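Asks: Following is a predicted model, sequence given first.
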Amino acid sequence: MIFLLFFFFSLTNSELTSYNKQLEWIVGHWRSEFSGKVFWPTVPTMTFGEDLKIMEAPLARSANVQFLNFSARAWSHSTKDHFHDEWGFVTVDPTGNATLMTSGNNGFTTYEVGHVSHNKLVLTLKDIGRISFSRDLPVEDLRRTFIRHDDRFLEQVIEMRTATHPKIGYLEHTRVVYTKQDS
């Protein structure tokens, strides 16, 4: 019995690889009950909650790469209606470049790349996939920024450009401040 418990523990509690140690500050369970804000010219501004988990994962031995598991679940603060879920993976390569790949139940998959600095991760869209019957305007560009303010608070800002807004650059789409949850 002790051997099985040790075996299970060793499979689920991986240590971060040397490259992914640059993301140590973002690993954990983060939650916002109502601090999320949605902004966009074609939708009413609204408040949302979100649960964000970025967790250690075992090394993928076949590729010799460790991806961290990424999940986010968002809901309307006022109605408690479910907004969307995102699942994916994040990693850092030997040169310090970060990659985030996500797939969501809103019909989008994204491939984002960027750079990690002290308590900050900035990612930009490299590719996006979408289901053919999605009702959203085509996203043409996206920038996602994570900032760890202190031991308790993490902020995420998503800026984007669609086929109609803006013509150049980005517009802020969402901003949420999370509180670190006890494990």
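Replies: Noted; the coordinates are in hand.
Asks: hmm, which helix or strand of the chain has the shakiest average pLDDT?
Replies: Least confident element among the helices and strands of the chain, by mean pLDDT, DSSP states H and E: helix 2-12 (a mean of 41).
Asks: by contact count, what packs against the helix or strand following it?
Replies: Per DSSP states H and E, the first helix or strand lying C-terminal to helix 2-12 is strand 28-40. In terms of contacts (3 or more CB pairs under 8 Å, 6 or more residues apart in numbering; DSSP states H and E), strand 28-40 is packed against strand 43-55, strand 171-180. C-beta coordinates here come from the backbone N, C-alpha and C atoms, glycine included.
Asks: Run through who's touching strand 28-40.
Replies: Residues outside strand 28-40 that contact it (CB atoms under 8 Å, 6 or more residues apart in numbering): 45-55, 74, 77, 154, 165, 171-181, 183.
Asks: Same check on stretch 109-124?
Replies: Contacts for stretch 109-124 (CB under 8 Å, 6+ apart): 22-23, 25-26, 88, 92, 96-103, 125-130, 141-149.
Asks: Separate out the buried members of those.
Replies: 22-23, 25-26, 88, 92, 98-102, 125, 128, 142-148 (16 or more other CB atoms under 10 Å).
Asks: Which of these fall in strands?
Replies: Counting by DSSP state E, these place 88, 92, 98-102, 125, 128, 142-148 in strands.
Asks: any idea which of these is the one closest to Ser18?
Replies: Of all those, Val92 has the smallest distance to Ser18: 9.3 Å, by CB to CB.
Asks: which regions of this structure sit below the pLDDT cut-off?
Replies: 1-14, 183 (pLDDT under 70).
Asks: With the flanking residues excluded, which residue is spatially nearest to the spatially most central residue of it?
Replies: Centroid check for the chain by CA atoms, centre = their mean gives Phe70 as the closest residue, at 6.0 Å. Residue nearest to Phe70 in three dimensions, not counting chain neighbours: Gly88, with 4.4 Å by CB to CB, 6 or more residues apart in numbering.
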